[in-house]
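Student: Here's a sequence, model it:
(one chain, ligands or ions: 1)
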Amino acid sequence: MRVYLDNAATTPLDKEVFEVMAPYMLEHYGNPSSIHGHGREVRAAIEKARRTVANLLNTSPAEIFFTSGGTEADNAAIVCSVRTLGLKHIITTRLEHHAVLHTVQMLEKRGEVQVSYLRHDERGVLDLDHLKELLAQNSQTLVTIMHANNEIGTLNDVEAIGDICKSFHAIFHSDTVQTMGHFKHDLQKLHTNFIVGSAHKFHGPKGVGFLYSDASVKIQPLIQGGAQERNMRGGTENVYGIIGLAKALEIAYRDMEEHRLHIQSLKDRMIHKLRDGLEGVSFNGMSAVADKSLYTVLSVSLPPSSMTEMLLFNLDINKISVSGGSACSSGANAGSHVLEALGVDPDRANVRFSFSKLNTPEEIDYAAEVLINMYKKIPA
Ligand code: PLP
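Tutor: Residues are numbered from 1 along each chain as shown. Sure, this is the predicted structure:
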């Protein structure tokens, strides 16, 4: 059995999505900026895709800008809001994805902003009173806080954070890459100025994403060039990517409840199997708490052993694809700034299982059994 449990890294493309993309690779090849018939039909398809995304998020198509993915959308929101609006201060967390963290640190290094990191506890739960304190002390602030953590799955209360930001007149960007397509974002209720999506996290194609940019906050583009994306992103559009992204999001919204129940049941199954079979197992962050974590992610912490360094390799030999992460950035495992920030024991091994609608209970049983047997074989 070959098992893919790394869906927070990327998801397989849906066949239904591929089928709507293929004609835009072969038949409809016009440049959407061309004014002739070949161009116009492609332009119409891009604008239809934009309306689809906007409708699903309950916002206006004028606020949706297609990008090369989540990283570019995060960069655009952060860099362009700071520079266009003259913001001097960023509030963020040490648990953000590098697409956010490294962008914020670049602006700090260049002397463009001062950065404050929000306090959190050992499970990654943010201290929102600290957010209020920081906002009360600083004006002209960008708050950038992710919706769900990609490593440990902890969910942040973006509604509450948005309300706080609004009351302090701060700009709020949320990296929603991991929740897009898995939660229904309603932009009429959520007080965010920027959110982002990346198609390959919800069974769409790689290399395409989008930025929602609140129309009341006008920013300059990140990428200079032609007038594409209404002057907000130069460069010929990734046409078939955009068509695929919209279809993938449409399917995700259409089937969300059914898939959520299925995926949560797989996650619960894995939690129970590991708790029953593996002495000393625990779960990082709020990973095992259903309503406080992303249902697609389970971050498992395993007791220190002689196997720690070889864990992912051994799972891979057994045809199980997962992600790792170590709190020790110099360890043989790839270092995780998130686990390090949570202060997890660097001698423990960590495995991130991330599930999709395509996984089955049999796959969960197989992966759990392999992991449990690996630990049973360790000499005392
Ligand atoms: N933000 C988060 C939370 C992510 O998990 C990822 C991808 O893993 C990104 C941003 C980057 O997205 P992309 O791969 O589309 O650049």
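Student: all helices for the protein, in order.
Tutor: Taking DSSP state H as the test, the helices found in the chain are 15-21, 23-26, 37-56, 70-75, 81-85, 98-109, 128-137, 158-167, 228-231, 239-254, 256-277, 311-317, 337-342, 361-376.
Student: most packed of those helices?
Tutor: With neighbours defined as mean count of other Cβ atoms under 10 Å, these peak in mean count at helix 70-75, which reaches a mean of 26. C-beta here means a position set from N, CA and C on the backbone, and glycine is covered the same way.
Student: so what are the domain limits for the chain?
Tutor: In the assignment given by automatic domain parsing, the structural domains of the chain cover 3-11+256-375, 15-254.
Student: Any idea which of the ones you listed has the lowest pLDDT on average?
Tutor: When mean pLDDT is averaged over each of the domains of the chain, domain 3-11+256-375 scores lowest at a mean of 92.
Student: and that one, how far out from the chain's middle?
Tutor: Offset of domain 3-11+256-375 from its chain centre (Cα atoms, centre = their mean, to the nearest Å): 17 Å.
Student: What separates the first and last residues of that domain, distance-wise?
Tutor: 19 Å (Cα to Cα, to the nearest Å).
Student: repeat for stretch 171-187
Tutor: Start-to-end, stretch 171-187 (Cα to Cα) is 15 Å.
Student: Only the buried residues of that stretch, if you could.
Tutor: If you call a residue buried by 16 or more other Cβ atoms under 10 Å, then stretch 171-187 has these buried ones: 171-183, 185, 187.
Student: ok, Pro23 - contacts?
Tutor: Neighbour list for Pro23: empty [criterion: Cβ atoms under 8 Å, 6 or more residues apart in numbering].
Student: Pull up the gap between it and the ligand, please.
Tutor: 24 Å (Cβ to the nearest ligand atom, to the nearest Å).
Student: wait, what's in contact with Ala77?
Tutor: Going by Cβ under 8 Å, 6+ apart, Ala77 touches 144, 173, 193-194, 196, 211, 213, 219.
Student: Near the ligand, which residues of the stretch 201-350 of the chain? Just list them.
Tutor: Proximity of the stretch 201-350 of the chain to the ligand is confined to Gly209 under the rule Cβ under 6 Å from any ligand atom.
Student: What's the nearest residue in the stretch 201-350 of the chain when you look at the ligand?
Tutor: Gly209 (5.0 Å; Cβ to the nearest ligand atom).
Student: so that residue bridges to which residues?
Tutor: Beta bridges link Gly209 to Thr67, Ser198, judged by DSSP bridges.
Student: so how far is Asp175 from it?
Tutor: Taking Cβ to Cβ, to the nearest Å as the criterion, Gly209 is separated from Asp175 by 11 Å.
Student: list the residues that contact both of these two?
Tutor: Contact criterion Cβ under 8 Å, 6+ apart; residues shared by Gly209 and Asp175: 70, 196.
Student: just to revisit the earlier point, check the gap between the residue of the stretch 201-350 of the chain closest to the ligand and Leu57 for me.
Tutor: Remark: distance between Gly209 and Leu57 (Cβ to Cβ) = 13 Å.
Student: More neighbours: which of those two?
Tutor: Legend: neighbour count by other Cβ atoms under 10 Å for Gly209 and Leu57, higher for Gly209 (28 against 24).
Student: which ones are touching the more buried one?
Tutor: Per Cβ under 8 Å, 6+ apart, neighbours of Gly209: 66-70, 72-73, 177, 196-199, 245.
Student: ok, so of the buried residues of stretch 171-187, who is nearest Ser321?
Tutor: If you rank the buried residues of stretch 171-187 by distance to Ser321 using Cβ to Cβ, Gln178 comes first, at 18.0 Å.
Student: is it true that that closest one touches Leu294?
Tutor: Yes - Gln178 is within contact range of Leu294, at 6.0 Å (criterion: Cβ atoms under 8 Å).
Student: shared neighbours, these two?
Tutor: 148-149.
Student: what's the distance between the residue nearest to Met256 when sequence neighbours are not counted and Asp175?
Tutor: Nearest residue to Met256 in three dimensions, chain neighbours excluded: Lys184, at 6.7 Å (Cβ to Cβ, 6 or more residues apart in numbering). From Lys184 across to Asp175, the span is 17 Å (Cβ to Cβ).
Student: Distance-wise, check Asp365 relative to Met307.
Tutor: 21 Å.
Student: With Met146 instead?
Tutor: Distance from Met146 to Met307, by Cβ to Cβ: 31 Å.
Student: between those two, which one's more packed in?
Tutor: Higher neighbour count among Met146 and Met307: Met146, with 26 against 16, using other Cβ under 10 Å.
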